[in-house]
Structures are given as structure tokens and as C-alpha cells.
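**Q** Got a predicted structure here, sequence first:
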Number of protein chains: 2
Amino acid sequence: MPQPHQADGPAQHAAGRQLPAPRTPSPRDAPPLNWGVIAPGGIAGSFVDALHTHTEQRVVAVGSRDPERARAFADRFGIPAAYGSYAEVLDDQRVDIVYIASPHSAHFAHALQAIEAGRHVLVEKAFTRNAREAERLIEAAGERGVFLMEAMWTRFLPHIDVVRQVLDSGLLGEVRTVAADHGQFMNPDAAHRLFAPELAGGALLDLGVYPVSFASMVLGPFASLTAVGEKAFTGVDGQASIVVTNESGAHGVLNTTLFARTPTTASISGTHARLEIEGDFYAPATVRLISREREVLDSYVPAQREGGLCYEAAEAARCVAAGRLESDLMPLDETLRVMRALDEIRRDLGVAYPGE
Amino acid sequence: MPQPHQADGPAQHAAGRQLPAPRTPSPRDAPPLNWGVIAPGGIAGSFVDALHTHTEQRVVAVGSRDPERARAFADRFGIPAAYGSYAEVLDDQRVDIVYIASPHSAHFAHALQAIEAGRHVLVEKAFTRNAREAERLIEAAGERGVFLMEAMWTRFLPHIDVVRQVLDSGLLGEVRTVAADHGQFMNPDAAHRLFAPELAGGALLDLGVYPVSFASMVLGPFASLTAVGEKAFTGVDGQASIVVTNESGAHGVLNTTLFARTPTTASISGTHARLEIEGDFYAPATVRLISREREVLDSYVPAQREGGLCYEAAEAARCVAAGRLESDLMPLDETLRVMRALDEIRRDLGVAYPGE
């Protein structure tokens, strides 16, 4: 818990009214790795595009069960190798690190396969379907000595580094309330993966993981979690509202839904001041520091709004180059804690995925 | 539940991208009544000032247990009669309607006394300490045939009439998520009424009643309520986070705290569009209509930000002049529902007031 007012000289006072600059290194400076991509869907396209536009990372192989799909993706992004299986990507000796972009339901199997092939792995969020799968992946990566990270891209963005520094500085005083929401309107369509129970669809793993992970970053381990939910027509979680607390009695008030486009903002209110992050808080966004007297003391405006996935790739590349097996910015312990929270929310909602 | 798309002609479509003008009549046009004020504290000062500045209402008497306090208040606002008791205010035959501005713990006794004296009554929010007291006041007012209303001033403000019209029109589609918060930083001070259990202090009756009442207005009767809380150092409720649902499965996600100044915003997210109300949502505030595609379609900016308490007084005066015993804008049934919700929240928090 930050200790406000420990030093209250003029320098401290001035610092208390300003936001720090982000310490985030340029993604272009990260040591280049050779990436393999597993499952060339929409998010994989955004990822590869961000890498090619904003980093020196090289995507050297893509794999899909459908060879034509792999080929079309490779052609679109100028990727040298397109494979009709995931195993071939893992066998390609040029590949240093594998990016797993398959549906949630397949994250565990695909990541495990990559780990067992001795590849470093970046796994799309939500990391797995449940905490048990997450534990097993973490264990396997540890045994095999490969790098493993959840692709919770928000954690690596410059505006979140501003937030981290503010939290560390004690500028807000004691944090008492964190609020975050992530709602998108999805047309009710039984064929869409977000409504498919067998693909671990629902609001939670796709959208809800953002506010839950954000609250975990700000509050630390949750001391309690209370969730209320509504199912969608296919039985997946359509909406969830969640209150978490930490050991200090601070609250996180969170909402996620497939039923409506919500403001997707976040705020962190402390005894001295608060931060407000504009929507979409999980993407590069403006952060405002606001006093108790409602004065906007300072704002951080992101220099770059596009290609935000480049930061997670750069972080992975830096860790791998340094021989590290996990990132301090999204530690495996915390990924596991978030997965346990998601499990608990689903238990409260009575939602289970077939075959988990 | 609003039925979107029932009529989708060009006029309807145009209407769907614009906010309506508020229908709120000018407070100055309300028939003048003679008001008596019971308990001349801070809120009574704001009330009388709003009346004198923005309406034709006349404050003719003020009463306090402390005659000097009553006299000072009367001098400050040019009120003809200052009494050293509440009974004298009620005995003053010029008084048409009494405004109860005492601490929450005394609302019931003071309002009952006024009702029994045959006076119309406007009771500050929160209406009473609990639903049982609210029921008894409502019953007493019905028996005596006098007007009774909770002074939930937000309900009578022009921007809330814009919100009401949007909800009635179905412009948002089906409402799925309502969010509202009200947190203020209060210095921990055992002598302050907000920390005093015997005065029914705590966040809930003072601040939390706003988001709860707002959610009730938008969602209708709550089907479920789940609350998580933290007590302040004196044992009153210092912080509460609350999830409510209605029969349609829409969620209200609410927070109140004495520990931090929160954004105090509100939003209503529907399947078609959403409304965002800037902080302070409960005071005259700007309302934005935002599409699913994140486009700000229209904004309503209040013409007047000051003196917002004049609207509730004008509504009371119009109702009394029309011989009505309650207001459609803040019906007694709904006041009672809100009090029941507050009781339930306190039950979840384990907070009871001495002597209730």
C-alpha cells in the first residue's frame, strides 16, 4: 500500500501534480526473433501487421489445419513459410517463438505442443480455459526451460506504464476503488465463436479478462470476489458484473457484456487523487490525473494509437534475448491468479465449457 | 422493456440520432407556496438559496432546537419567522409545506410530526433510515391526506428528463448495463455526522442513495441485489459496491465510498446505443448519446448548473397546487423500493444504526 505524504517537500508536491513519462522502450529496439504463428485468424492478422509495421521482429512461418488458409495469410503478410499443420511450424528450425492465436478452447493443447517442441511461447488472452490448464502450461514451460507469457497486450502499453509509475509513487494516496468495464454488442449468432460453448465463448474470456486483469494489476491478489451474471442464448456467459476486494479493503467494480457497447473506461480512485483512462482503456488511451477537487492536473496522451500489439511482442523478444523465462510485466503467477478469478466468476455464473 | 425498431421510418431514424429537449417546466412558473424549513444546516441553506434565486416559492419560517441558529439562518435568507422549536414552525398557519433537512436519523420523527400537523412534506434524501420508517411515513401521509415526497433532487433536473425520454423512446434498444458511482473523500473525523452511527452516517444514505436511486429509475424494480462493503473506523459503511439486476437481466453496477473522490459519472448502455452522463451525474450535467460505433451522436448541455434544488421545490409546489399527494417523478412506491434496497445493502454489510 503506498504511503502518502511521507515526503512532502516542494519537489514531491510538484511531482504529485504531474504524470510521469512512460518508460516503455521503443518496440523497434527489441532484439529480432523469428516468430511462428499458429492459427491465422483476425487477431493473428493484427499481430503480424503490428510486428511488421512497428518492430524488427520477423514472422517466418504460419500454420493452419487448412493449408489454403495458411497460404493466403502468408501471402498477405509476406511470410516465407505456410504450413497445413501446427506441427510443421514447430518443426521449422528457424522458429524461435510461437504465437498462439487459436480459439480459447485450443490454447492449452497448442501451447503445450509448442512448449514440448522446445519453442518459446506467447499465448493469446485469455491464457487458457481455466486455471488447471494454466497451471499445467506453466509447469511444462518451467520443466522445458522455455519462455511463456500471456499476450495481455494492455500490460505492455505506454499509458499503462504511466499508471504503474503513478501507483508505485503513491501519488494517488491509498487506492480505494478501481472501476473498469468492457462491453461490446455482438449480434446473437449461434455460429459466432463468442457464442459457442465448445470454443469457450462468452463475454468473460474475451472481454471480461481485460477488466479483471486490470483490477489484478492495480489491487494485487484478490481477497474476495463476487459475481453476478446473465447467460446468452447458447448458455455461455453473456454478461457478468463482478466486485473484487483486496487485503486493504479496496474495491474493484467490473462489468463485461456481449449485449451492449459500454463506455470501456477505467478509473483508479485514491484518497488523494484519481486516474481516469478513456475508452478503450485496454488499448492505447489517454490517462488523466484528477485531484479530489475535480481539477484535471495532468494528462498523458499516447503518441501512437495503432499497432498496440507490437509492445507485447517486443517485451517477449527482450525477455527471450535476455534468457528469461517470464516477463515481470505479466508474470505467470499473476496470469494464474487471473485465471483462478475467471474460474470463480464462471462458478458463480454456473457456466462450464464442454470438455474442460 | 423498450421495443426497438418497431417503427423504423425516416423520421424515427432521425429521432434516433438526436436527444430530445427536456420537458421540465421553468421552476419560476410553479405556483408559490409558503415553506417552513426544519433544521437549518448546509443543505437547508442551499435549498433556500435555490428557491429565492430561481423560483417564486417563499420561505416563511425556519425552526431549530437552537433559537440563535434559527435566527442567524432567517437573517441570512430574509425569512420572516425564526423559531426555537420545530413545533412552532408546524403551528405557524402561514406554512403550507415543510422541508425536512435534519440528519437522516431524525427524518422519520420530524416528517411524522409535520404530517400529523397537517402539513405537506418534502423530506431530504435518504428519505428515512430504513424501509420500515418509510412505510410508516407513507401510511401516515395517506391517512392525513397530505403531500409527501423524497427530495431526490436529481429526478427533477432537466438532464434527467432527457434521460427519461430516451428510455421511453426505445432509442437505446434494450438497456443491458447501468453504471453509476458516488464517492467523496471525507477526512476521517469521528465528530462528522457522516461517520456518526447515531446520525445514520456512512456512505450509503448520503452518497450511495444517488446511484441506487438512479439504477432504480432506469431498471425499475430490482430482481436481485448483491453488495460488498467496507466499514469506516466508526463502524458505519465506508464503502459499498453493489450489483443489481432487473427482471430482464439488465445489470446495475454501483459504487459509493467516503474514502475517495470517484468519477461520479453514470452510463446507460443498450443494445443500440448508450447514454453517458458526465460527473457529477446527480447534479445538472451534460448527457451524451453514443452509438455502438463509438460516435457521439448528440449532446445535451444543461442551460443552468447552479441552484439545482429549485426543481424539486417547483415539482412539490405544482403537485400541492394540483391537490396531488405524491409526484409521478419520485413516487412513494419507488422511494420505498429504494429504501428496501438500502436496507438489503446494509444487511449484506452488517451495518445497523443504533436505535433503529
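**A** The structure has been received and is ready for your questions.
**Q** I figured A:Arg69 hits A:Pro40, correct?
**A** Yes - assessed by Cβ atoms under 8 Å, A:Arg69 is found in contact with A:Pro40 at 5.9 Å. The C-beta positions use only the backbone N, C-alpha and C, and glycine is treated the same way.
**Q** more neighbours, these two?
**A** More crowded of A:Arg69 and A:Pro40, by other Cβ atoms under 10 Å in any protein chain shown: A:Pro40, with 26 against 17.
**Q** ok, and the closest non-adjacent residue to that one?
**A** Closest residue to A:Pro40 apart from its sequence neighbours, by Cβ to Cβ, 6 or more residues apart in numbering or on different chains: A:Phe73 at 3.6 Å.
**Q** and that neighbour, which of the three is it?
**A** Classification of A:Phe73 using DSSP: H, G, I helix; E, B strand; the rest coil returns helix.
**Q** Can you show me the helices along the stretch 251-356 of chain A?
**A** Here the stretch 251-356 of chain A has its helices, by DSSP state H, counting those that start in this stretch, at A:310-321, A:332-349.
**Q** Same list, those, but as JSON lines with mean neighbour count please.
**A** Listed next are those as JSON lines, based on neighbours: other Cβ atoms under 10 Å in any protein chain shown:
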{"stretch": "helix A:310-321", "mean neighbour count": "24"}
{"stretch": "helix A:332-349", "mean neighbour count": "21"}
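**Q** Switch these over to a markdown table; also include mean pLDDT and distance to B:Leu225.
**A** Shown next, in a markdown table, are the helices of the stretch 251-356 of chain A (pLDDT from 0 to 100; distance: least, Cβ to Cβ, whole Å):
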| stretch | mean pLDDT | distance to B:Leu225 |
| --- | --- | --- |
| helix A:310-321 | 98 | 39 |
| helix A:332-349 | 98 | 15 |
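**Q** Let's have those helices in a markdown table, adding distance to chain B.
**A** Shown next, in a markdown table, are these (distance: least, Cβ to the nearest Cβ, whole Å):
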| stretch | distance to chain B |
| --- | --- |
| helix A:310-321 | 23 |
| helix A:332-349 | 10 |
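**Q** Next, format the ones you listed as CSV and append distance to B:Glu295.
**A** Below are the helices of the stretch 251-356 of chain A laid out as CSV (distance: least, Cβ to Cβ, whole Å):
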stretch, distance to B:Glu295
helix A:310-321, 27
helix A:332-349, 31
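**Q** A:Leu33: which of those helices is closest?
**A** Using Cβ to Cβ as the measure, helix A:310-321 is the one of these that comes nearest A:Leu33, at 4.8 Å.
**Q** contacts for the closest one?
**A** For helix A:310-321, the external contacting residues (Cβ atoms under 8 Å, 6 or more residues apart in numbering or on different chains) are A:24-33, A:35, A:47, A:50-51, A:53-55, A:57, A:96-97, A:99, A:120, A:122, A:147, A:149, A:151-153, A:155-158, A:325-327, A:329-330.
**Q** which intervals of chain A have sub-threshold pLDDT?
**A** Within chain A, the ranges that satisfy pLDDT under 70 run A:1-16.
**Q** quick one on the thing from earlier: quick check: the residue nearest to A:Pro40 touching A:Ile79?
**A** Yes - A:Phe73 is within contact range of A:Ile79, at 7.0 Å (criterion: Cβ under 8 Å).
**Q** Need the residues touching each of the two.
**A** A:Val37, A:Val48, A:Val62.
**Q** residue boundaries of the strands in chain A?
**A** Assigned by DSSP state E, the strands in chain A fall at A:34-38, A:58-63, A:81-83, A:97-100, A:120-124, A:148-151, A:175-183, A:224-231, A:237-245, A:251-257, A:266-270, A:273-277, A:287-291, A:296-300.
**Q** so does the last one get close to chain B?
**A** Just to be clear, that refers to strand A:296-300. No - counting by Cβ under 8 Å from any Cβ of the partner chain, chain B is not contacted by strand A:296-300; separation bottoms out at 11.8 Å.
**Q** For that strand, which helices and strands make contact with it?
**A** Packing partners of strand A:296-300 (3 or more Cβ pairs under 8 Å, 6 or more residues apart in numbering or on different chains; DSSP states H and E): strand A:287-291.
**Q** Tell me which strands the strand it packs on pairs with, and in which orientation.
**A** When pairs are called by DSSP bridges, strand A:287-291 turns out to pair with strand A:273-277 (antiparallel), strand A:296-300 (antiparallel).
**Q** in it, what counts as buried?
**A** A:Val287, A:Arg288, A:Leu289, A:Ile290 (16 or more other Cβ atoms under 10 Å in any protein chain shown).
**Q** For that strand, which outside residues touch it?
**A** Residues outside strand A:287-291 that contact it (Cβ under 8 Å, 6+ apart) are A:17-19, A:159, A:162-163, A:166, A:171, A:272-278, A:296-300, B:261, B:263.
**Q** still on that earlier bit, highest mean neighbour count out of the strands of chain A?
**A** The highest mean neighbour count among the strands of chain A, using mean count of other Cβ atoms under 10 Å in any protein chain shown, belongs to strand A:251-257: a mean of 29.
**Q** where's the residue nearest the centre of chain A relative to B:Asn187, distance?
**A** By Cα atoms, centre = their mean, chain A has its centre lying nearest to A:Met152, at 1.6 Å. According to Cβ to Cβ, to the nearest Å, A:Met152 and B:Asn187 sit 38 Å apart.
**Q** Over to A:Val178?
**A** From A:Val178 over to B:Asn187 the distance is 22 Å, taken as Cβ to Cβ.
**Q** quick one: contacts for the residue of the stretch 51-200 of chain A found nearest chain B?
**A** Chain B sits closest to A:Arg176 of the stretch 51-200 of chain A, with a gap of 4.0 Å, by Cβ to the nearest Cβ. By Cβ under 8 Å, 6+ apart, the contact set of A:Arg176 is A:Ala250, A:His251, A:Ser269, A:Gly270, A:Thr271, B:Gly183, B:Gln239, B:Thr257, B:Phe259, B:Ala260.
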